[in-house]
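Chemist: Build me a model from this:
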Amino acid sequence: MSLSFGEAGYRRLAQGDPRRTIVVAKLDRRTQAAIGARDADVMLSGATANKQLNEHKDLTAADYGRLEGLFQTGRILRDRERANHFRFIHIDADQRWYAVVKITRN
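Modeler: As a prediction, this is how the structure comes out:
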């Protein structure tokens, strides 16, 4: 999987201002169509970034860098209870990668 986010993106994530958002990945057109996304940018709010950093201290810059590849190659599952949430799952060398994308209509 691709590692496009890298250290610079992770530093921006770590400086998470709850009032700002950062782009953590880009969706390809196939994935955009599959989940009904209008925009290719996958954005993470500062508030969510702070939550991620506090609750998932095991995640590294390289892990966040895998998001774009996960969105391109992962299996897509629509959440049964929240129709605007999509789960992406990819198993690579016995490692399970998982991310959730929430589609907003802003």
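
Chemist: Can you name the secondary structure element that comes next after the helix or strand of the chain with the lowest mean pLDDT?
Modeler: The helix or strand of the chain with the lowest confidence, counting by mean pLDDT, DSSP states H and E, is helix 6-14 at a mean of 63. Past helix 6-14, heading to the C-terminal end, the next element that is a helix or strand (DSSP states H and E) is strand 21-26.

Chemist: Can you give the strand pairings for that next one, parallel or anti for each?
Modeler: Paired strands of strand 21-26, with direction, are strand 41-45 (antiparallel) (DSSP bridges).

Chemist: after the strand it pairs with comes which helix or strand?
Modeler: Taking DSSP H and E as the definition, the helix or strand right after strand 41-45 is helix 46-55.

Chemist: Show me what that following helix is packed up against.
Modeler: helix 6-14, strand 21-26 (3 or more C-beta pairs under 8 Å, 6 or more residues apart in numbering; DSSP states H and E). Backbone N, C-alpha and C define where each C-beta goes, glycine included.

Chemist: how about low-confidence regions in this structure?
Modeler: Within the chain, the stretches with pLDDT under 70 are 1-19, 106.

Chemist: my guess is R66 meets Y98, correct?
Modeler: No - in this structure R66 lies outside contact range of Y98 using C-beta atoms under 8 Å: 10.7 Å.

Chemist: which of those two has more neighbours?
Modeler: Taking R66 and Y98 together and counting by other C-beta atoms under 10 Å, R66 has the greater number of neighbours (23 against 11).

Chemist: distance of the more buried one from V24?
Modeler: According to C-beta to C-beta, to the nearest Å, R66 stands 11 Å off from V24.

Chemist: Check I89 too.
Modeler: Counting by C-beta to C-beta, the gap from I89 to V24 is 17 Å.

Chemist: These two: who's more crowded?
Modeler: Higher neighbour count among I89 and V24: V24, with 24 against 13, using other C-beta under 10 Å.

Chemist: Report the contact partners of the closest residue to that one other than its chain neighbours.
Modeler: Counting by C-beta to C-beta, 6 or more residues apart in numbering, the nearest residue to V24 once its immediate chain neighbours are dropped is L44, at 4.8 Å. Residues in contact with L44, defined by C-beta atoms under 8 Å, 6 or more residues apart in numbering, are L13, T21, I22, V24, Q52.
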